[in-house]
Structures are given as C-alpha cells and as structure tokens.
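# the following comprises the amino acid sequence and a computationally predicted model.
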Amino acid sequence: MEPQGITGRVLRNVSMKRYTSMRVGGAVPYLFYPEDEADLRLAVAWLNEAGQPYRFLGNGTNVIVADRGFAAGLIRVSRMRHLRFSMTETGALVAVGAGLPLKSVIRSCAARGLTGLEKLFGIPGTVGGALKMNAGSFGVAISDCLSSLRCMDERGEVQRRQKGEMRFGYRSSSILDRECVIEATFELKHAKAEQVQAEMDHVWRERLKKHPMERPSAGSVFKHVNGGPCWSYIDRAGLRGATVGAACVSEKHPNFIVNMGGASASDVKRLIETVKKRVAEATGVTLEEEVELWGFDDGA
Ligand SMILES: Cc1cc2nc3c(=O)[nH]c(=O)nc-3n(C[C@H](O)[C@H](O)[C@H](O)COP(=O)(O)OP(=O)(O)OC[C@H]3O[C@@H](n4cnc5c(N)ncnc54)[C@H](O)[C@@H]3O)c2cc1C
C-alpha cells in the first residue's frame, strides 16, 4: 500500500544506519517527513488505516535498531522548526518546534540572555526526543523549565497540556509512544548573555573531556543506579574496553558503548547483555537500559 495525499517526503525501506547515532541497524518500511501539522495528521491517519505500527524519530541518538530492521513506519517532524520568543517581566516564554535540535534552541536563548536550558547544551537530540526521554545533564532535566506542550494523539487531535498535567521522571515522561510532540513552550529567565554562554562553554568542555565523542554511540547505555552513575559498577566488573565484534565498552566512559567501525546491532545488543550479566555477577546490581532497543523482541 502506498501512502496517499501526503505532501512531505515519504521514503521507503530506509536503512537506520544513516538515521541513528550508533550507525547500526536494518531498514524500516517507511520514513515520513510531514510538512506541517495537517500533513502529520494525514500520515498518522494513513498509518492507522494501513494497520501499520509507527513511532516517532528525532535525531536517533537514543535508539538502537536491530539488524533485521524494525517493522514500524517512522515519522520525523524535522520540518517543525519554529522558534518564537514572547518577552515577560522576568524573561521569556519560548515556543519551539519539536523538530529543532536542542543545541540550536539553547544557542538562540543564550544569545538573547535567557537562562534555564544551557546545562543541556551538547545533548545531540531534538526537542521532541528530549522531552519524551526527559533528557538531562549536569543536574538539570529538560522538563524543569517546561511550561506546556502541544501533542498530536493517534486520532490526529492536537492538545495543549500544561506541565502540571504531565508526569516527568528520570529519563521518562508520560508522553505515549503513539503521541507526537509538535511544540514545547519553555519559561526562561533573564540573565547576562555572557554568563549563559560561559555555562554552555563549561558543559561542552566537560562533555569533550568525559564522553567518547569521536566514535558513534547512543550516549549513556544504562540508567543511573540508586540515583548515582552506573559506570563505577561497570568498572568494578572489569568491563572497560570489553568488546563484542566491533562494539566496545568505551575506555573513556564505561557507560558508553561505541561503534569502532562496522559494528552490527547484534554486536551492540550482545555487549549490552554481557555487561548486564557481568555487572550482576560482580556487584549484585541489575542495570536497566536508558537506550531504546527497537526490533529486537525475539532476541536478534
Ligand atoms: C554523544 C551522546 C551524548 C548524549 N548525552 C546525553 C545526556 O547528557 N543526557 C541525556 O538525557 N541524553 C543524552 N544522550 C541521549 C539522547 O541524545 C537523548 O535521549 C535525546 O533526548 C534523544 O533525542 P532524539 O531526538 O535523538 O530522540 P530519538 O533517539 O530519535 O528518540 C528517542 C525517543 O523519543 C521519541 N521521540 C522522538 N521525537 C519525538 C516527537 N517529536 N514526539 C514524540 N516522541 C518523540 C522516540 O520515539 C523515542 O522513543 C546522548 C546521546 C549521545 C549520542
């Protein structure tokens, strides 16, 4: 069945190697780029009618797709990239299209002397992906300065939800898998532009120092354990530098698995399983994935 009436691009049988930061994985049957909200509604309606499962994709920096692919249509709202500032007495309300990279939103806010998001500088996702994951760094989560969200549900209905109507936890949110974030509004405060820029520079330097940015990865593989970082448990299990095929536990930061070149999704998945097993044996701790694994359900 071919998608009908959709104005935006629709790609068929697309390899996820190109669309995920881990650079592994097989194909998805459809990749939609809706032009606007009306087009997004058409894409969602067509997918529902065709009985085709679907998910939303941002920059693919927190997902790993199986080698045999993932039987879901993916929708990327990368055309939704607006950025509107309404000044308030204390700062501004900033309405942001969900397809914008978080980095460029933070740069624009910093240039206007608006503080609140700068500690998230360097997280390589989009606004939509960051909200779904409640991404965070340096003690700040993206939901901290969120005011409201506009989402489209699977019936194509758009609703604005105030932050108080939603739930956000550590790397989790109440945004459903079949719900699309279209726009977020953040409430930011006035600050000196140089101070905001200095904080961005600081967190960027810390990232360069601590994270293996030179290799493809999906960021932290596992969630914090008991409120603290889990790399020390991985270290205690002696896993720094452990490999399966071309997937490797980073020497620089053991909660990252990096693709040394030509890794398969199965290499990455098997390494994740090895780390979980060995950490449980060595420390008694059960690690839980922060990354999303798509298409692995029957043990690919
Ligand atoms: C080098 C590196 C460093 C990282 N550092 C951090 C860090 O410091 N802190 C942190 O929290 N994360 C970090 N990450 C992980 C990742 O960048 C974040 O989770 C990010 O928020 C994911 O955004 P994305 O657009 O890439 O989402 P994707 O990976 O594409 O998707 C993630 C989830 O969001 C959903 N989604 C995407 N767009 C939408 C939308 N518009 N509406 C509804 N759902 C949507 C997807 O369906 C999926 O469930 C890092 C990753 C890398 C590679």
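Yep, that arrived. Numbers count the residues shown, from 1 in each chain.
# and the residue lying farthest from the centre of the chain, how far is that from A38?
With distances taken from the mean C-alpha point of the chain and given as Cα atoms, centre = their mean, the most distant residue is E89, at 32.3 Å. Applying Cβ to Cβ, to the nearest Å, the value for E89 to A38 is 36 Å. Backbone N, C-alpha and C define where each C-beta goes, glycine included.
# so what's the residue count around R161?
In terms of burial, R161 registers 13 neighbours under the definition other Cβ atoms under 10 Å.
# picking that back up, so who does the residue farthest from the centre of the chain touch?
Applying Cβ atoms under 8 Å, 6 or more residues apart in numbering to E89 gives no contacts.
# wait, a strand at it?
No - with the criterion set as DSSP: H, G, I helix; E, B strand; the rest coil, the secondary structure at E89 is coil rather than a strand.
# and it, backbone torsions?
When read as degrees, to the nearest 10, the backbone of E89 gives phi -60, psi -40.
# go on, the one 3 residues further on?
Phi and psi for A92, reported as degrees, to the nearest 10, are phi -160, psi 150.
# hang on, it packs against G113?
No - proximity of A92 to G113 does not meet the contact threshold set by Cβ atoms under 8 Å, at 9.4 Å.
# between these two, what contacts are shared?
Both A92 and G113 lack any common contacting residue under the criterion Cβ under 8 Å, 6+ apart.
# what's around the residue in the stretch 201-300 of the chain that the ligand sits nearest to, how many residues?
Nearest residue of the stretch 201-300 of the chain to the ligand, counting by Cβ to the nearest ligand atom: G219, 2.4 Å away. Neighbouring residues of G219 were enumerated by other Cβ under 10 Å; the total is 21.
# backbone torsions only: list them for it.
Backbone geometry at G219, expressed as degrees, to the nearest 10, gives phi 70, psi -150.
# point out where the chain drops to low pLDDT.
Low-confidence segments of the chain (pLDDT under 70): 298-300.
# what does it put close to the ligand?
Residues of the chain found near the ligand (Cβ under 6 Å from any ligand atom) are 21, 55-63, 77, 98, 123-126, 128-130, 132-133, 135-137, 175, 180-181, 211, 213, 217-219, 292.
# 5 Å instead?
Neighbours of the ligand within the chain, by Cβ under 5 Å from any ligand atom: 21, 55-63, 77, 98, 123-126, 128-130, 132-133, 135, 137, 180-181, 219.
# for the longest strand seen in the chain, name the packing helices and strands.
Counting residues, the longest strand in the chain under DSSP state E turns out to be strand 180-190. Secondary structure elements in contact with strand 180-190, counted by 3 or more Cβ pairs under 8 Å, 6 or more residues apart in numbering; DSSP states H and E, are helix 37-49, strand 91-97, strand 114-115, helix 127-133, strand 146-152.
# within its sheet, name the partner strands of that strand and how each one runs.
If you go by DSSP bridges, strand 180-190 pairs up with strand 91-97 (antiparallel), strand 114-115 (antiparallel), strand 146-152 (antiparallel).
# tell me what angle the helix or strand following that strand forms with strand 180-190.
Using DSSP states H and E, the next helix or strand after strand 180-190 towards the C-terminus is helix 193-210. Helix 193-210 and strand 180-190 meet at an angle of 120 degrees, taking axes from the mean of the first three to the mean of the last three Cα atoms, to 10 degrees as the criterion.
# contacts for helix 193-210, please.
By Cβ under 8 Å, 6+ apart, the residues outside helix 193-210 that reach it are 106-107, 109-115, 118-119, 121-122, 137-138, 213, 252-253.
# how about that helix: buried residues?
With burial defined by 16 or more other Cβ atoms under 10 Å, the residues of helix 193-210 counted as buried are V196, Q197, E199, M200, V203, R207.
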